[in-house]
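Participant: Quick one, structure for this:
(2 chains)
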Amino acid sequence: EAGVAQSPRYKIIEKRQSVAFWCNPISGHATLYWYQQILGQGPKLLIQFQNNGVVDDSQLPKDRFSAERLKGVDSTLKIQPAKLEDSAVYLCASTNPSYEQYFGPGTRLTVT
Amino acid sequence: LAKTTQPISMDSYEGQEVNITCSHNNIATNDYITWYQQFPSQGPRFIIQGYKTKVTNEVASLFIPADRKSSTLSLPRVSLSDTAVYYCLVGDSSYKLIFGSGTRLLVRP
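Facilitator: Below is the predicted model:
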C-alpha cells in the first residue's frame, strides 16, 4: 500500500513570497490533515478535511494560509505571503476507519 | 479533547524495557488513546492504540487502567533505533488528534 505522498520535500523562499505544498493521501482515506511542526515541538493541526469539506480550520492563520481538497483526494496548502515564523515542516496525514493517522514525509520550509 | 501530560525526556540502555506513562485526567467516555513515534526528519508513525485494559502488538504494549486517566506505553528490549520522540494522544470519533510536545527517548549503548 502506497503511503501519503508530499511534495516538494524542501523549499526555501524569501519572506513575502508565496509557496504551495501538495499532498496525496492514502487511497480511500476520507480524512486528511495538514500540520505545522516547528523544530522541537509537536505537530500543530492547521486544518482537517472530511472528503472535500473542512471539518476544522480553527488553527489556520486564514489571513495568509489557505487549503483546499478538490474532489476529496489530493490537497494543497498555500502560504501567501510567507513570514519568517512560517519556517517549519508541513506534514500531511490521512486516517483510516480505525482512527490510525498515516503521515507523509513532510515539506521542510525555510523562509529567509 | 483531553489534554495529555508526559515526561519531556527519558534515558535508557539497549536491551532494557522502557515504560512511558501519560496522564489524561479529562479523558471522555468515547475517547481512545494512541501513541505515535517520530524520528528526526520524518512524519510521526502510528505505534499502538487502545481504549481500555491492555493492547499488545509486534512493537509495543499499551496498558490502560480501569479509570483510563493514564496510560503506559511499554517498549520491550529497546535498541538504539528506538531513539525517537514518542507522543501520547487522546482522540474521539471526530478523527481529530492534538499533539503535545512528546517524550524524547534516548537509548544508549
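
Participant: Check which helix or strand A:Arg16 maps to.
Facilitator: Under the criterion DSSP states H and E, no helix or strand holds A:Arg16.

Participant: how much space between the closest residue to it other than its chain neighbours and A:Ile47?
Facilitator: Leaving aside its chain neighbours, A:Arg16 sits nearest to A:Pro81 (4.3 Å; criterion: Cβ to Cβ, 6 or more residues apart in numbering or on different chains). Heads up, the C-betas are built off the backbone N, CA and C, glycines and all. As defined by Cβ to Cβ, to the nearest Å, A:Pro81 lies at a distance of 19 Å from A:Ile47.

Participant: okay, the two: which has more neighbours?
Facilitator: Each of A:Pro81 and A:Ile47 has its neighbours counted (other Cβ atoms under 10 Å in any protein chain shown); A:Ile47 has more, 23 against 15.

Participant: tell me the pLDDT at that one?
Facilitator: The model reports A:Ile47 with a pLDDT of 95.

Participant: Now do it against chain B, distance only.
Facilitator: 11 Å (Cβ to the nearest Cβ, to the nearest Å).

Participant: isn't A:Thr107 right next to A:Ile12, touching?
Facilitator: No. Judged on Cβ atoms under 8 Å, A:Thr107 makes no contact with A:Ile12 at a distance of 11.3 Å.

Participant: The two - which one has more neighbours?
Facilitator: Ranked by neighbour count (other Cβ under 10 Å), A:Thr107 and A:Ile12 place A:Thr107 first, with 22 against 12.

Participant: Quick check: bridge partners of that one?
Facilitator: A:Tyr90 (DSSP bridges).

Participant: What is the neighbour count of the residue of chain B found nearest chain A?
Facilitator: Closest approach between chain B and chain A, counting by Cβ to the nearest Cβ: B:Gly43, at 2.9 Å. B:Gly43 sits with 23 neighbouring residues when counted by other Cβ under 10 Å.

Participant: same check, this time on the one 3 residues further on
Facilitator: Burial measure for B:Phe46: 19 neighbouring residues, criterion other Cβ under 10 Å.

Participant: Can you list the buried residues in the helix or strand encompassing it?
Facilitator: B:Phe46 belongs to strand B:45-50 when assigned by DSSP H and E. Under the neighbour-count criterion of 16 or more other Cβ atoms under 10 Å in any protein chain shown, strand B:45-50 has B:46-50 buried.

Participant: need those residues in TSV with pLDDT and distance to chain A, can you?
Facilitator: Shown next, in TSV, are the buried residues of strand B:45-50 (pLDDT from 0 to 100; distance: Cβ to the nearest Cβ, whole Å):
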residue	pLDDT	distance to chain A
B:Phe46	92	5
B:Ile47	95	10
B:Ile48	94	10
B:Gln49	93	7
B:Gly50	93	11
